[in-house]
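Participant: can you look at this prediction? I've put the sequence above it.
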Amino acid sequence: MSSTTVNPGVADAALEGGSAPVGPRRGRLGRPSWPLTILMIAASLTVLVPLYFTIVMAFKSPAQIGSGSGLEFPSPIVWDNFARAWEMVGFGRSLMVTALITVFSVAGAIVVCSMVAYAIARNWHRRAYKVAYIYLLSGLFVPFTVLILPLIKLTAMLGIDGPVGVTLIHIVGGIAFNSLLYIAFLRSIPLELEESARIDGATTWQVFWRVIFPLLGPMNATVGIFAFLGAWNDFLLPQMMIANPELQTLPVVQQLFQGEFNTEYNLAFASYLMAMVPTLIAFVFAQKWVMSGVMRGAIK
């Protein structure tokens, strides 16, 4: 017979009917993996080094840019680059146009895609909705470059070849991907919640807006940040659809810093840095909801 040594604290807790304290598990899974840690640090540097390069270049003078590797810290710091970049491209006007396109694109993507996904998820037993789901799924495999010329022609015929047309294309173009995210998320919401609301006399419209839509908060943040990035950083659509220079977006007007024979890198990077600030702010405030939405949408 083998003897077993019992920790007195554990034994006392077991006799009193309580749970035994759980100490830190020192096993193979608990040890840090130094090769993986080093790999993650190296992967982080691939993001941090370009960001550092952008920041230091935005504060340099043309003379400082022409000497060295570009990674040196600016001395002295040139704050005037931001004011010159703001005035040179009409940054305030372009910022407003870009912000309006982005806001309406995000709002439209959340409202339209959530409604489409709700209709498909709650009518999955009907063949027509299954066909619609397959149709949306097939839309993900069509390259956007194949569609852009017909879309431009169509918006010109309708007279919306401007910021309005760009916004509509952003909303419609994201229906396929965003609806699939919403459908996966909606399948995790119990049907009993809707049945309780219907027993109380709620219509389908009221069930969606008062019961379902508030529960879509994490997925709304996920779809919202994707739509935000797509609309804010879009270059191709505004360049090809907006003919009026006063209604152009930030990514397009920033081409002014690149001439035929030279490029004003200090002003260009100052402008890039200013345009990047709203994106960082949006991601910082929404990252918790984004991760929650992705995880809950992936696990049924």
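Facilitator: Thanks, I have the structure now.

Participant: gap between V252 and F285?
Facilitator: 27 Å (Cβ to Cβ, to the nearest Å). C-beta coordinates here come from the backbone N, C-alpha and C atoms, glycine included.

Participant: these two - which one has more neighbours?
Facilitator: For V252 and F285, the more surrounded residue by other Cβ atoms under 10 Å is V252, and the numbers stand at 22 against 11.

Participant: ranges for the helices of the stretch 201-300 of the chain?
Facilitator: 204-207, 213-215, 217-232, 236-241, 250-253, 265-298 (DSSP state H, counting those that start in this stretch).

Participant: what residues of the second one count as buried?
Facilitator: Across helix 213-215, burial judged by 16 or more other Cβ atoms under 10 Å covers F213.

Participant: got a list of contacts for that helix?
Facilitator: 114, 189, 193 (Cβ atoms under 8 Å, 6 or more residues apart in numbering).

Participant: ditto for the first one
Facilitator: Here helix 204-207 makes contact (Cβ under 8 Å, 6+ apart) with 194, 197-198.

Participant: now do the helices in the stretch 1-150 of the chain.
Facilitator: Going by DSSP H, counting those that start in this stretch, the stretch 1-150 of the chain shows helices at 8-15, 34-58, 62-65, 80-88, 91-121, 127-139, 144-158.

Participant: mean confidence score for the first one?
Facilitator: So that's helix 8-15. Throughout helix 8-15, pLDDT has a mean value of 45.

Participant: who are the contact partners of L236?
Facilitator: With Cβ under 8 Å, 6+ apart, L236 has these contacts: I148.

Participant: please name the nearest non-neighbouring residue to S271.
Facilitator: Spatial nearest neighbour of S271, excluding adjacent residues (Cβ to Cβ, 6 or more residues apart in numbering): A85 at 4.2 Å.

Participant: neighbours of N81, how many?
Facilitator: Neighbour tally, N81, other Cβ under 10 Å: 25.

Participant: wait, it sits on F59?
Facilitator: Yes. Counting by Cβ atoms under 8 Å, F59 is a contact partner of N81 at 6.7 Å.

Participant: identify the contacts common to these two.
Facilitator: Residues within reach of N81 and of F59 at once, by Cβ under 8 Å, 6+ apart, are 266, 270.

Participant: want to try CSV for the helices of the stretch 1-150 of the chain, with distance to P278 as columns?
Facilitator: Shown next, in CSV, are the helices of the stretch 1-150 of the chain (distance: least, Cβ to Cβ, whole Å):
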stretch, distance to P278
helix 8-15, 54
helix 34-58, 15
helix 62-65, 26
helix 80-88, 15
helix 91-121, 8
helix 127-139, 29
helix 144-158, 24
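
Participant: that older thread, make a PyMOL selection of whichever of the contacts of helix 204-207 turn out to be buried.
Facilitator: In PyMOL syntax, the buried subset of the contacts of helix 204-207 is picked out as below (16+ other Cβ under 10 Å):
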select buried, resi 194+197
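
Participant: in helices only, show me the contacts of helix 204-207.
Facilitator: 194, 197-198 (DSSP state H).

Participant: tally of neighbours for the residue nearest to R198 when sequence neighbours are not counted?
Facilitator: The shortest distance from R198 to any residue other than its chain neighbours is 6.5 Å, reached at V207 (Cβ to Cβ, 6+ apart). If you count neighbours by other Cβ under 10 Å, V207 ends up with 20.

Participant: what's near enough to touch the residue nearest to E264 when sequence neighbours are not counted?
Facilitator: Excluding the flanking residues, the one nearest E264 by Cβ to Cβ, 6+ apart is F257, at 4.9 Å. Going by Cβ under 8 Å, 6+ apart, F257 touches 85, 88-89, 263-265, 267-268, 271.

Participant: and with 10 Å instead?
Facilitator: Going by Cβ atoms under 10 Å, 6 or more residues apart in numbering, F257 touches 85, 88-89, 263-272.

Participant: show me the shaky parts of the stretch 201-300 of the chain.
Facilitator: 259-262, 286-300 (pLDDT under 70).
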